[in-house]
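> coordinates only, sequence not included:
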């Protein structure tokens with residue numbers, strides 16, 4: 001069993017003396033679309049017009065579409081990899097190591113294809129459930145939240161096992177994780193008051209707390225024989 005207050009207290013302690021490196025990692029994850037609070041895949045935008053404004057509207061729609069497409073490509077081919085590396089950073093930060101180089105962890109492990117495939121399948125699942133209905137999509141996003149952390153531990157784990165393990169880790173925990181997210185709402189509102197820039201400074205706290213959550217769920221998985229230390233490359 002885990003408690004929100006303990007996770008957040010631990011996260012605050014971890015960030016002491018390491019805030020700015022953590023801020024940089026969180027910012028990179030956020031820019032490349034890896035925040036837990038964002039949709040996995042982008043959606044198109046459109047509009048209509050008439051008369052003399054039709055050409056301007058068409059150009060504007062084309063520009064918006066091109067930007068959205070670029071962001072989706074950035075998310076898929078780079079964001080997935082940097083997110084897993086970023087989650088690895090926060091896992092290691094909890095254990096006393098602050099190495100920004102872990103952002104490139106997947107490349108060092110030569111696991112790009114497996115991580116890319118697993119994260120893409122995860123995104124497609126969540127996206128399709130969201131198309132069905134918003135609520136099931138949100139539930140599935142919580143079911144698969146631990147996938148990048150699992151890949152951070154073992155980037156060569158098969159996509160089927162990574163998705164299964166995330167579902168098992170979050171079974172019976174999704175409501176509490178949702179409440180954990182809500183507990184940051186006040187911080188994000190406060191951050192938004194400073195021209196929206198303040199939300200970036202809250203993100204390391206949020207990311208660090210989520211890493212602590214994963215470590216708790218991982219330990220529970222070991223204790224309940226849902227996973228073993230060998231498949232996640234955990235010694236001891």
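On my side now, so go ahead. Quick caveat, the model's predicted, so the values are computed rather than measured.

> Just checking, which helix or strand of this structure averages the lowest pLDDT?
With mean pLDDT, DSSP states H and E as the measure, the helix or strand of the chain carrying the lowest mean pLDDT is helix 54-74 (a mean of 79).

> so how far is that one off the chain centroid?
26 Å (Cα atoms, centre = their mean, to the nearest Å).

> same question, stretch 209-216
12 Å.

> State the mean pLDDT of it.
Average pLDDT, stretch 209-216: 98.

> who touches it?
2, 7-8, 10-11, 14, 36, 87, 90-91, 93-94, 145-146, 149, 177, 180, 184 (Cβ atoms under 8 Å, 6 or more residues apart in numbering). Heads up, the C-betas are built off the backbone N, CA and C, glycines and all.

> what comes up buried for the least confident helix or strand of the chain?
61, 71, 72 (16 or more other Cβ atoms under 10 Å).

> buried residues in the lengthiest helix in the chain?
Ranked by residue count under DSSP state H, the longest helix found in the chain is helix 198-223. By 16+ other Cβ under 10 Å, the buried positions in helix 198-223 come out as 199, 201-218, 220-221.

> pLDDT wise, what is residue 86 at?
At residue 86 the predicted local distance difference test score is 97.

> these two touch, right, it and residue 31?
No. Using Cβ atoms under 8 Å, residue 86 is not in contact with residue 31; the gap is 10.9 Å.

> Looking at these two now, which is surrounded by more residues?
Summary of the neighbour comparison: residue 86 and residue 31, criterion other Cβ atoms under 10 Å, with residue 86 having more neighbours (29 against 15).

> Please enumerate the helices of this structure.
Counting by DSSP H, one finds helices in the chain at the ranges 4-15, 19-31, 54-74, 80-94, 105-108, 112-132, 134-143, 147-153, 159-170, 174-182, 185-192, 198-223.

> Let me know the angle separating the third one from helix 19-31.
Direction vectors for helix 54-74 and helix 19-31, defined by axes from the mean of the first three to the mean of the last three Cα atoms, to 10 degrees, enclose an angle of 120 degrees.

> next one: the longest one
Here helix 198-223 points in a direction 90 degrees away from that of helix 19-31 (the same axes, to 10 degrees).

> what's the answer for the first one, then?
Note on geometry: by the same axes, to 10 degrees, helix 4-15 and helix 19-31 are set 110 degrees apart in direction.

> packing partners for helix 4-15?
helix 80-94, helix 174-182, helix 198-223 (3 or more Cβ pairs under 8 Å, 6 or more residues apart in numbering; DSSP states H and E).

> so which of those gets nearest residue 120?
Judged by Cβ to Cβ, the one of those that comes nearest to residue 120 is helix 80-94, at 7.0 Å.

> Make TSV from the helices and strands packed on helix 4-15 and add distance to residue 159 to it.
As requested, those are arranged in TSV below (distance: least, Cβ to Cβ, whole Å):
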stretch	distance to residue 159
helix 80-94	12
helix 174-182	21
helix 198-223	18
